[in-house]
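Chemist: Here's my sequence, what's the structure:
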Amino acid sequence: MPSYGTIDHEYGHKLATTDPADDGPVWMVNLMKYKEVADYGDGADSGRSGRAADDEYTPTGPLKAVGAEIVYVAEVDATPLGDGTQWDRVAIVKYPTRRSFIEMQQRSDFQDKHVHKEAGMEMTFVIGCQPMAIDGLRELEKESRSWDNVEHPPDDEDGILHVLHVIKWNEGGRERMEGYHDAAFDVAQEHGARIAGWFEAEGTIVGDGRTWDQVRFNEFPSRREFMEVVADPRRLKGQEDHREPAMADTYTLFCRPVLDTLRKR
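Modeler: Numbering: from 1, shown residues only. Sure, this is the predicted structure:
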């Protein structure tokens, strides 16, 4: 077992044994929390940060070899909602098949790099996802206000903000959330909200034993503009009536994207 999480062997078996006729792309959403100082266990690289160790780990070669690509990277400003965990970075890797994810783990060039992840990572979730069918929402998104006309457009000090929601529904919560979504999206549209990427979670290959149902990335022109949405009383009423009873567990992360090709998927 890695030190930074628990492997879900049942989901791992699914990834490894999916019939090729039924296999296809999978998006692995990575939430990462780093050690302040990397620990190689032998005093090597004394003083290297956990983040720097993870940068050294980034398996660009092995990913390319199995046909995978990094499609999203963001730095986390804050984790305002959850169990107190403060995440540091989010990344998404698109694999051509589920089996290719397992094949990469078995490559010697990947295993050689893994020592850096073990040294630098305090905790991680790796959630296997599929894009949600959101054609109707894309049509609604066309009604969102242009960022040229919002009060707080992106600038050098407060650029594009992605609000990431990792969600576990209560029984019936998915349906109950629809009542909140209709009202909240109307409010968010007034502030230029867009959908960066919504995903259904099919399994968590590395985590802490919890399971998740959805991963949603919502885009706002700036953090200040998002806070205007948060303060709107129309949204607050919807939250009390729909959102809070719908969710059994959740994280909300404020993310600053540095690489984003989700809309091109």
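
Chemist: how far away is P153 from D8?
Modeler: 42 Å (CB to CB, to the nearest Å). Bear in mind the C-beta positions are built from the backbone N, C-alpha and C, glycine included.

Chemist: again with K117
Modeler: Taking CB to CB, one finds K117 at 18 Å from D8.

Chemist: Neighbour count: the two, which is higher?
Modeler: Legend: neighbour count by other CB atoms under 10 Å for K117 and D8, higher for K117 (22 against 19).

Chemist: what are the phi and psi values for the residue lying closest to the more buried one once chain neighbours are set aside?
Modeler: Counting by CB to CB, 6 or more residues apart in numbering, Y57 is the residue found nearest to K117 once chain neighbours are left out, at 4.2 Å. Backbone torsions of Y57, given as degrees, to the nearest 10, read phi -70, psi -40.

Chemist: what residues are up against Y57?
Modeler: Each residue near Y57 by CB atoms under 8 Å, 6 or more residues apart in numbering is listed here: 113-114, 116-117, 120.

Chemist: Dump the residues you listed to CSV, plus pLDDT.
Modeler: As requested, those are exported to CSV (pLDDT from 0 to 100):
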residue, pLDDT
K113, 94
H114, 94
H116, 94
K117, 96
G120, 96
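
Chemist: Just give me the closest of the residues you listed to A53.
Modeler: Nearest to A53 out of those is G120 (CB to CB; 2.9 Å).

Chemist: That closest one - how many residues pack around it?
Modeler: The local packing count at G120 equals 27, with neighbours defined by other CB under 10 Å.

Chemist: Find the nearest non-adjacent residue to it, please.
Modeler: A53 (2.9 Å).

Chemist: Same list, the contacts of Y57, but as TSV with secondary structure and distance to K64 please.
Modeler: Putting the contacts of Y57 into TSV (DSSP: H, G, I helix; E, B strand; the rest coil; distance: CB to CB, whole Å) gives the following:
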residue	secondary structure	distance to K64
K113	helix	13
H114	helix	17
H116	helix	18
K117	helix	18
G120	helix	22
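
Chemist: which among those residues gets closest to A133?
Modeler: Nearest to A133 among the contacts of Y57 is K117, at 33.4 Å by CB to CB.

Chemist: Quick check: that closest one touching D54?
Modeler: Yes - between K117 and D54 a contact is recorded at 6.2 Å, counting by CB atoms under 8 Å.

Chemist: Spit out the contact partners of the most centrally placed residue in the chain.
Modeler: The geometric centre of the chain, computed from its C-alpha atoms, lies nearest to V29 (CA atoms, centre = their mean), at 4.8 Å. Counting by CB under 8 Å, 6+ apart, V29 makes contact with 90-92, 125-129, 199, 201, 215.

Chemist: Now, those residues that are in strands?
Modeler: For these, the ones inside strands are 90-92, 125-129, 199, 201, 215, with DSSP state E as the criterion.

Chemist: I'd like those residues as CSV, with distance to A184, neighbour count and pLDDT appended.
Modeler: Conversion of the ones in strands among the contacts of V29 to CSV gives the following (distance: CB to CB, whole Å; neighbours: other CB atoms under 10 Å; pLDDT from 0 to 100):
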residue, distance to A184, neighbour count, pLDDT
V90, 22, 24, 98
A91, 27, 20, 98
I92, 24, 25, 98
F125, 25, 25, 98
V126, 29, 21, 98
I127, 23, 24, 98
G128, 27, 23, 98
C129, 22, 22, 98
F199, 19, 23, 95
A201, 21, 20, 98
V215, 18, 24, 97
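
Chemist: So which of these is the closest to R256?
Modeler: Using CB to CB, V90 comes nearest to R256 of the ones in strands among the contacts of V29, at 9.9 Å.

Chemist: is that closest one in a bridge, and if so with what?
Modeler: Residues found in beta-bridge contact with V90 (criterion: DSSP bridges) are L31, A74.

Chemist: Isn't it up against D77?
Modeler: No - look at V90 against D77 with CB under 8 Å: they stay out of range, at 11.1 Å.

Chemist: I appreciate the help and will end here.
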